[in-house]
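# dropping a prediction and its sequence here:
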Amino acid sequence: MSTTSITRTDPAHMKEPIVPSTRAETQSFNSARRNPLALDESVAAASIDSLNQLLADTMTLRDLYKKHHWQVSGPTFYMLHLLFDKHFGEQAELVDLLAERVQTLGGVAIAMAPDVAETTSIPRAPKGREDATTQIKRLLQAHEMILLEARAMARDTAAAEDVGTNDIIVSNVIRTNELEVWFLAEHLQ
């Protein structure tokens with residue numbers, strides 16, 4: 001590895017977009033606009049908050065899968081390399097589904113890596129490479145955290161009659177995460 005460092009410059013002209021915006025934000029992050037969904041505003045607001053937390057955690061899990069996909073090694077390399085990439089794709093689909101539900105409810109979906117890092121409840125993985133067993137255990141821990149969160153959300157959204165959010169949580173988030181847990185846990189038997 002080269003010890004030569006690359007000098008990074010931060011010229012003033014790079015701090016602003018090439019074509020500056022002529023308008024301010026159209027909606028702040030912690031606000032919700034009312035969409036005609038026949039859903040009480042307080043119910044929508046509660047779902048938006050919960051969905052953004054679940055979204056941040058799902059984005060973190062998705063990225064853990066890609067990290068482990070790149071860094072897995074050992075006798076099960078090929079099998080885990082493919083499995084981690086498959087699960088990455090499934091989590092990416094959930095990310096899009098959750099973000100679009102936030103937007104449908106009138107909220108603003110969390111989107112940028114620094115905001116996700118501040119919000120997620122999933123512990124940060126080290127930058128370095130870990131053995132395959134540790135990677136699997138780390139992924140299982142993240143799945144369990146998401147499943148606990150999703151089950152609580154399912155109960156809350158059912159009680160609040162937010163059927164649309166409840167359907168996504170039960171039919172997509174819980175079922176996808178449970179199946180991925182099964183595939184991972186079998187590697188530890």
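Received, thanks. Residues are numbered from 1 along each chain as shown.
# what number of residues lie near M112?
9 (other Cβ atoms under 10 Å). Placement of C-beta: from N, CA and C, glycine included.
# any idea how far A56 is from it?
11 Å (Cβ to Cβ, to the nearest Å).
# which elements pack onto the longest helix seen in the chain?
Longest helix of the chain, by residue count under DSSP state H: helix 41-71. For helix 41-71, the elements it packs on are helix 77-104, helix 113-119, helix 132-159, judged by 3 or more Cβ pairs under 8 Å, 6 or more residues apart in numbering; DSSP states H and E.
# residues of that helix that come out buried?
Residues of helix 41-71 classed as buried by neighbour count (16 or more other Cβ atoms under 10 Å): 43-48, 50-69, 71.
# ok, the residue nearest to S47 when sequence neighbours are not counted to L54 distance?
Distances taken as Cβ to Cβ, 6 or more residues apart in numbering put T165 closest to S47, at 4.7 Å, once the chain neighbours are dropped. The gap separating T165 from L54 is 10 Å, by Cβ to Cβ.
# now do the shared contacts for those two.
Among the neighbours of T165, those also in contact with L54 (Cβ atoms under 8 Å, 6 or more residues apart in numbering) are M153.
# quick one on the thing from earlier: next, the angle from the longest helix of the chain to helix 77-104.
Computed by axes from the mean of the first three to the mean of the last three Cα atoms, to 10 degrees, the angle separating helix 41-71 from helix 77-104 equals 160 degrees.
# relative orientation of helix 41-71 and helix 132-159 in degrees?
170 degrees.
# and the gap between the residue nearest the centre of the chain and G74?
The chain has M59 as the residue nearest its centroid, 1.9 Å off, counting by Cα atoms, centre = their mean. Distance of M59 to G74, given as Cβ to Cβ: 27 Å.
# please apply the same query to T104.
Where G74 is concerned, T104 sits at a distance of 43 Å (Cβ to Cβ).
# cool, and Q91?
On the measure of Cβ to Cβ, Q91 and G74 end up 23 Å apart.
# which one of these two has more residues nearby?
Q91 (25 against 10).
# excluding its backbone neighbours, what's nearest that one?
Per Cβ to Cβ, 6+ apart, closest to Q91 is R62, 3.7 Å.
# cool, A45 as well?
A32 (5.3 Å).
# so how many other residues sit close to that neighbour?
Neighbour tally, A32, other Cβ under 10 Å: 19.
# in what helix or strand does it lie?
In this structure, A32 sits in neither a helix nor a strand according to DSSP states H and E.
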